[in-house]
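In: turn this into a model:
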Amino acid sequence: PSSPHLMSWSHVDPEDMTLTEDELRDKYLGPRRSSFFVPVCTTYLLIFVVGAVGNTLTCLVILRHKFMRTPTNYYLFSLAVSDLLVLLLGMPLELYDMWSNYPFLLGAGGCYFKTLLFEAVCFASILNVTALSVERYIAVVHPLKAKYVVTRNHAKRVIGAIWVLSVLCSIPNTSLHGIRPLYVPGRGMVPDSAICMVVKPLVLYNLIIQITTILFFFLPMGTLSILYLLIGLQLRKEKMLQSLEAKAGRDSDYHHVRAQQKKVRRRQVTKMLFVLVVVFGICWAPFHTDRLVWSFISNWTGNMHEMFQYIHVISGVFFYLSSATNPILYNLMSTRFREMFKEVMCHHQWPPKCTREAVPGQQTIFELLFKGSVRKMSLNVKEHGWSSHDP
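Out: Purely as a prediction, here's the structure:
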């Protein structure tokens, strides 16, 4: 909804009889263009560039490289698609609303699409993050079950169910919206005043907002807090066992070293996902605060309305910022993603500027793998003879 005082006008104001149509629209609907348009537009454009490029690279990396198609990365791919939908479709619609708050030119269908898009993406994002965290919990705390539960096919089915559920749960709120022109008692319908807004009783809207906020924010965030607490306790236990084994002199065994390296990589992935969840919660908290403020307050004053406008702008910036931060986190905290981002960017340059020597990280990894394999093979041959388990 655009403004808290747009819902109804029940009495005739004698002043309205002398006002022009432009003055009536300005009085009841506010300025056609938001006073925050220039700073918000500048911020949004910066977020758009970073988010669109980063999430596109994330999708390309996972699609192009088979070894990147892990269950965890499937959820990250789904999250990137959700972010791209927000940036490519949702952000232009919101910027246009700030540029010209009325009339809404896309009709009832455009109003339904806009509402459904934001609702579905909101639900799909939190469900993807929750499913990803559950997968990580199973992989860390119940590694034996992970072989049967944490699979690509299972991840695909869960992601499909997430999007279907998100769209279905978006329908109730979408059905409450529609196009409403400004009607002024004594003057009738005011031309060029149609707005996409809530057209059904506010009681239903407030109830839906409160229920969906609990089900799709507070409940998932509480679940995520418990999951990562259990994961942290498990990783701490493993680290203590690793220290005891190192003191006992078992750290020189080849297979033991490989197992420890696998645990280190698993801890790195878990750490990255934990930071992702924390950033996600911080970015989405203002958005849900905005919705709850709207749903709980019935009697609005001028000061409350002005404060609500600032909350609305801040929540919008953080809402879109969450779509741009994920690729940055992948680049900062995942060596594999960082290298694949470089490879994809270099592949699309002409003439190619990235050669094998120009990407020292990749060269170092290849050399370390080769040298490490030769060293391990020679140690096994010298001390134990050839083993079929060696690479």
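In: so what secondary structure elements neighbour the helix or strand where S225 lies?
Out: Using DSSP states H and E, S225 maps to helix 219-247. On a contact count with 3 or more C-beta pairs under 8 Å, 6 or more residues apart in numbering; DSSP states H and E, helix 219-247 meets helix 107-141, helix 254-296. All C-beta atoms are positioned from the backbone trio N, CA, C, and that covers glycine.
In: could you pull up the mean pLDDT of that helix?
Out: Average pLDDT, helix 219-247: 80.
In: next one: stretch 296-306
Out: Taken as a whole, stretch 296-306 carries a mean pLDDT of 73.
In: re the thing from before, nearest to I314, out of the helices and strands packed on helix 219-247?
Out: helix 254-296 (5.4 Å; C-beta to C-beta).
In: contact partners for V293?
Out: The neighbours of V293, taking C-beta atoms under 8 Å, 6 or more residues apart in numbering as the test, are 308, 311.
In: just Y75 next, same as before
Out: Applying C-beta under 8 Å, 6+ apart, the residues near Y75 are 128-129, 131-132, 135, 155, 159.
In: confirm it sits in a helix?
Out: Yes - counting by DSSP: H, G, I helix; E, B strand; the rest coil, Y75 is found in a helix.
In: leaving out chain neighbours, which residue sits closest to it?
Out: Once flanking residues are discounted, Y75 sits nearest to L132: 4.0 Å by C-beta to C-beta, 6 or more residues apart in numbering.
In: the one you found touches Y74, doesn't it?
Out: No - using C-beta atoms under 8 Å, L132 is not in contact with Y74; the gap is 9.0 Å.
In: just to revisit the earlier point, quick one: which two of the contacts of Y75 are the most distant?
Out: Spanning the widest gap among the contacts of Y75 are V129 and A155, at 13.7 Å by C-beta to C-beta.
In: quick one: low-confidence parts of this structure?
Out: 1-13, 16, 242-268, 300, 302, 347-391 (pLDDT under 70).
In: what domains does the record give for it?
Out: Domains of the chain are assigned by automatic domain parsing as 4-348, 355-391.
In: about what we covered before: just send the helices and strands packed on helix 219-247 back as a markdown table, with distance to E306 too.
Out: Formatted as a markdown table, these follow (distance: least, C-beta to C-beta, whole Å):
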| stretch | distance to E306 |
| --- | --- |
| helix 107-141 | 24 |
| helix 254-296 | 13 |
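In: and of these, who's closest to S78?
Out: When the helices and strands packed on helix 219-247 are compared (using C-beta to C-beta), the closest one is helix 107-141, at 5.1 Å.
In: and for stretch 61-71, what's in contact with it?
Out: 73-74, 76-77, 135, 150-152, 154-155, 336-337, 340-341, 343-344.
In: buried residues in it?
Out: Neighbour counts over stretch 61-71 (16 or more other C-beta atoms under 10 Å) mark 61-62, 68, 70-71 as buried.
In: so which of those are in helices?
Out: Among these, the ones falling in helices (DSSP state H) are 61-62, 71.
In: V199: which of these is nearest?
Out: Checking those against V199 by C-beta to C-beta gives I62 as the nearest, at 41.1 Å.
In: and the closest one, how far is that from S166?
Out: Distance, I62 to S166, using C-beta to C-beta, to the nearest Å: 20 Å.
In: so what's the residue count around the residue lying closest to V141 once chain neighbours are set aside?
Out: Once flanking residues are discounted, V141 sits nearest to Q234: 4.9 Å by C-beta to C-beta, 6+ apart. Neighbourhood size, Q234 [other C-beta atoms under 10 Å]: 16.
In: what's the answer for the one 5 residues further on, then?
Out: Using other C-beta under 10 Å, K239 has 13 other residues around it.
In: now do the residue nearest to L182 when sequence neighbours are not counted against D22, distance only.
Out: The shortest distance from L182 to any non-neighbouring residue, by C-beta to C-beta, 6+ apart, is to S193 (3.6 Å). Applying C-beta to C-beta, the value for S193 to D22 is 10 Å.
In: can you check V140 too?
Out: Distance of V140 to D22, computed by C-beta to C-beta: 62 Å.
In: those two: who's more crowded?
Out: Taking other C-beta under 10 Å, V140 and D22 do not tie; V140 has more neighbours (22 against 11).
In: show me the contacts for that one.
Out: The contact partners of V140, taken as C-beta under 8 Å, 6+ apart, are 231, 234-235, 266, 270.
In: what about the nearest residue to Y183 once chain neighbours are set aside, how many residues nearby?
Out: Leaving aside its sequence neighbours, Y183 sits nearest to M189 (C-beta to C-beta, 6+ apart; 5.6 Å). Per other C-beta under 10 Å, the neighbour tally for M189 reads 10.
In: which residues touch M189?
Out: 181-183.
In: brilliant, that's me finished.
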